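K.L.:
sequence isn't available, so here's the structure alone:
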């Protein structure tokens, strides 16, 4: 059985604010260490074949100024790309205003990579399965499992079908527990 409490504690979470093209935004920042080089983490986050393995299938013109689309999720434009340290994209999800997502990588201790993901949104609420949630809460709890899956992938511990099962909503019990603990962690951060 996976120790989801430990997994939740491996991610630092914070709320902030910043100005984006759509207006004054609230931000969800997630910071996590990975046992891999910056080049490997960058490649796992930007190579379509690797990305689909732990996150979602991506299509588009995947270059600076190009567009992307994650199957069944968000789309946007690639506005900054400075391999292997920085990727910034717009994030269009449904009929929400345009969000901005920034992925930053930096060296950690003993060959680790620190990944910092900042998702800025001007939305106050988001809807999920017919219920309204604080938009930053929704953003944070949405990214938490992805960063966990990336960790499993980089450690070569991601079961072959787990990403597909997550996408289909067929969650193993440890994933359901992780979702619940992620919601608790973001509730504490939002205070």
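P.N.:
Alright, I've got the coordinates. If you're wondering where the values come from, they're calculated on a predicted model, not measured in any experiment. Numbers count the residues shown, from 1 in each chain.
K.L.:
buried set for the longest strand belonging to the chain?
P.N.:
When the chain is parsed with DSSP state E, its longest strand is strand 23-34. Using 16 or more other C-beta atoms under 10 Å as the burial criterion, the residues of strand 23-34 that qualify are 25-34. Any C-beta I mention is one placed from the backbone N, CA and C, and that applies to glycine too.
K.L.:
for residue 120, name its beta-bridge partners.
P.N.:
On the basis of DSSP bridges, residue 120 is bridged to residue 27, residue 100.
K.L.:
so who does it touch?
P.N.:
18, 20, 25-27, 99-102 (C-beta atoms under 8 Å, 6 or more residues apart in numbering).
K.L.:
please, where are all the strands along the chain?
P.N.:
Under the criterion DSSP E, strands of the chain are mapped to 11-20, 23-34, 58-60, 67-70, 75-82, 86-91, 99-107, 113-121, 125-128, 131-134.
K.L.:
the ones you listed: which one's closest to residue 159?
P.N.:
Closest approach to residue 159 among the strands of the chain (C-beta to C-beta): strand 23-34, 18.5 Å.
K.L.:
what mean pLDDT would you report for the closest one?
P.N.:
Taken as a whole, strand 23-34 carries a mean pLDDT of 97.
K.L.:
tell me what that strand is packed against?
P.N.:
strand 11-20, strand 113-121, helix 135-154 (3 or more C-beta pairs under 8 Å, 6 or more residues apart in numbering; DSSP states H and E).
K.L.:
circling back to that earlier point, next, format the strands of the chain as a markdown table and append distance to residue 50.
P.N.:
Formatted as a markdown table, the strands of the chain follow (distance: least, C-beta to C-beta, whole Å):
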| stretch | distance to residue 50 |
| --- | --- |
| strand 11-20 | 21 |
| strand 23-34 | 13 |
| strand 58-60 | 10 |
| strand 67-70 | 14 |
| strand 75-82 | 16 |
| strand 86-91 | 14 |
| strand 99-107 | 14 |
| strand 113-121 | 14 |
| strand 125-128 | 27 |
| strand 131-134 | 30 |
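K.L.:
most tightly packed of those strands?
P.N.:
For those, ranked by mean neighbour count under the definition mean count of other C-beta atoms under 10 Å, the leader is strand 113-121 at a mean of 22.
K.L.:
and the residue most central in space within the chain, what does it touch?
P.N.:
Nearest to the mean C-alpha position of the chain, counting by C-alpha atoms, centre = their mean, stands residue 143 at 3.4 Å. Taking C-beta under 8 Å, 6+ apart, we find residue 143 in contact with 28, 30, 117, 119.
K.L.:
using a markdown table, lay out those together with distance to residue 155.
P.N.:
Shown next, in a markdown table, are these (distance: C-beta to C-beta, whole Å):
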| residue | distance to residue 155 |
| --- | --- |
| 28 | 24 |
| 30 | 18 |
| 117 | 19 |
| 119 | 24 |
